[in-house]
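Novice: Coordinates for the following, if possible.
(one chain, ligands or ions: 2)
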Amino acid sequence: MTPPDETGPPVISTGELTMRFGSVTALSSLDLTIGPGVTGLVGANGAGKSTLIKILLGLQTPTSGRAAVLGHDVATASHEIRRRVGYMPEHDCLPPDVNASEFVVHLARMSGLPQSAARERAADVLRQVGLDEERYRPLGGYSTGMKQRAKLAQALVHDPDLVFLDEPTNGLDPASRVDMLRLVRRIGTEFDIPVLVTSHLLGELEKVSDHVVVLDAGHLLRSSATSDFLDVTGAMLVEVLGGDAGRDRLGHALAAAGLTCHPRGPMVTVDPPPPGIDVHRVVRDLAADLGLALVRLQPDQGHLEDIFTAPGARGGERRG
Ligand SMILES: Nc1ncnc2c1ncn2[C@@H]1O[C@H](COP(=O)(O)OP(=O)(O)O)[C@@H](O)[C@H]1O
Ligand SMILES: [Mg+2]
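Specialist: Ligands and ions are numbered 1, 2, ... in the order given. Have a look, this model is predicted:
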């Protein structure tokens, strides 16, 4: 049940939203509803993620269909939408000769904050994104990770009601990637701002998103709670002591017992069993018979990437 005070318009909604560039269909009759929390928008390069964001901001006009953001129609209220939404664009937009502090203060001023408030807010958000000492250095000398942080700071400085983050982890090394994803999660949870965040790395957002929208060549492949994605396989993961030899002995015994299994690293995955076979029991008994100590026996959680390889997924053939 939803309490009455929480039933407002959805954060984002689209109806039959279509965008063509000449013969290319970037978005194909997209029907979407997105609520609060962190929503991951995933899809391969060219899937239409950036196009969707630009339409939602009123920066591009769709070929046909409707879209609304925070209850405002993109066709008639793009000004109001851009006032209330923070936007971290995919590509670099940073003037090389000014420092991060000047840049973020300037954008805060453009959003209507008075000088002193703009300075205060800029210092705040720069600290929150982890640009403290460096904020007086010219942006031109920044590393990719620092540039992404500066871009994120300017998206937050005017205290938005919603943020769009387009590929915020692009170009980052693994450690900075983890930091950036942690920041994205904090925006959604600690600051309580709804977030739409994109990535072409299909599995990357499963840990930070409450909800995932999957686009494939302009089509909506799926939109659901992240937990629904991660709980669909019905397979089990098994690990025993004894290294690869132990793993393989168990694997052969499981196969002989009528189960389909595959090695995965030090573990064995067991496909959903035929009717009448209790995997827990079979694994426990075989491990005991073989004298193998059981380390792990747990459901094999699915991953976001699986949706692209599942039967019927349109994007399966393009993966890799
Ligand atoms: N301004 C444009 N002119 C022509 N084609 C475009 C333009 N913007 C995007 N496209 C095309 O639309 C499709 C979707 O692009 P885009 O939204 O950038 O995808 P993504 O952000 O998911 O990588 C691609 O085929 C791209 O080449
Ligand atoms: Mg893009």
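Novice: Make sure Arg149 is actually in contact with Gly130.
Specialist: Yes: applying C-beta atoms under 8 Å, one finds Arg149 in contact with Gly130, separated by 6.0 Å. (Glycine included, C-beta is placed from N, CA and C.)
Novice: Comparing these two, which shows the higher neighbour count?
Specialist: Using other C-beta atoms under 10 Å as the criterion, Arg149 and Gly130 rank with Arg149 on top: 26 against 16.
Novice: In contact with the residue lying closest to the more buried one once chain neighbours are set aside, which residues?
Specialist: Leaving aside its sequence neighbours, Arg149 sits nearest to Val129 (C-beta to C-beta, 6 or more residues apart in numbering; 4.3 Å). Neighbouring residues of Val129 by C-beta atoms under 8 Å, 6 or more residues apart in numbering: 149-150, 152-153, 156, 183.
Novice: cutoff 10 Å now
Specialist: Neighbour list for Val129: 100, 104, 135, 146, 148-156, 179-180, 183, 186-187 [criterion: C-beta atoms under 10 Å, 6 or more residues apart in numbering].
Novice: what do Arg149 and Gly130 both touch?
Specialist: Shared contacts of Arg149 and Gly130, defined by C-beta under 10 Å, 6+ apart, are found at 176, 179-180, 183.
Novice: Among these, name the ones in helices.
Specialist: Members of the shared contacts of Arg149 and Gly130 lying in helices (criterion: DSSP state H): 176, 179-180, 183.
Novice: nearest spatial neighbour of Pro36, skipping sequence neighbours?
Specialist: Counting by C-beta to C-beta, 6+ apart, Pro36 lies nearest to Pro194, which is 4.7 Å off, once chain neighbours are set aside.
Novice: What is the neighbour count of the one you found?
Specialist: For Pro194, the neighbour count with other C-beta under 10 Å is 23.
Novice: What of Asp278?
Specialist: With other C-beta under 10 Å as criterion, Asp278 counts 10.
Novice: I'd assumed Arg284 was in contact with it.
Specialist: Yes: using C-beta atoms under 10 Å, Asp278 is in contact with Arg284, at 9.3 Å.
Novice: helix, strand or coil for the residue of the stretch 51-200 of the chain at minimum distance from ligand 2?
Specialist: Going by C-beta to the ion, ligand 2 is nearest to Glu90 of the stretch 51-200 of the chain, at 4.8 Å. At Glu90 the chain is in coil, as set by DSSP: H, G, I helix; E, B strand; the rest coil.
Novice: Tell me which residues touch it, please.
Specialist: Counted by C-beta under 10 Å, 6+ apart, Glu90 has contacts 49-50, 53-54, 151, 165-168, 170, 198, 200.
Novice: near ligand 1, which of the residues you listed show up?
Specialist: If you filter those for contact with ligand 1, counting by C-beta under 6 Å from any ligand atom, you are left with 49-50.
Novice: Let's see which of the contacts of Glu90 end up in strands.
Specialist: Those of those mapping onto strands are 165, 198, per DSSP state E.
Novice: out of the contacts of Glu90, which are inside helices?
Specialist: Counting by DSSP H, those place 49-50, 53-54, 151 in helices.
Novice: quick one: which of these is nearest to Leu27?
Specialist: The closest of these to Leu27 turns out to be Lys49 (C-beta to C-beta; 9.7 Å).
Novice: Give me the buried stretch members for stretch 225-245, please.
Specialist: Across stretch 225-245, burial judged by 16 or more other C-beta atoms under 10 Å covers 226, 229-230, 233, 235-240, 242.
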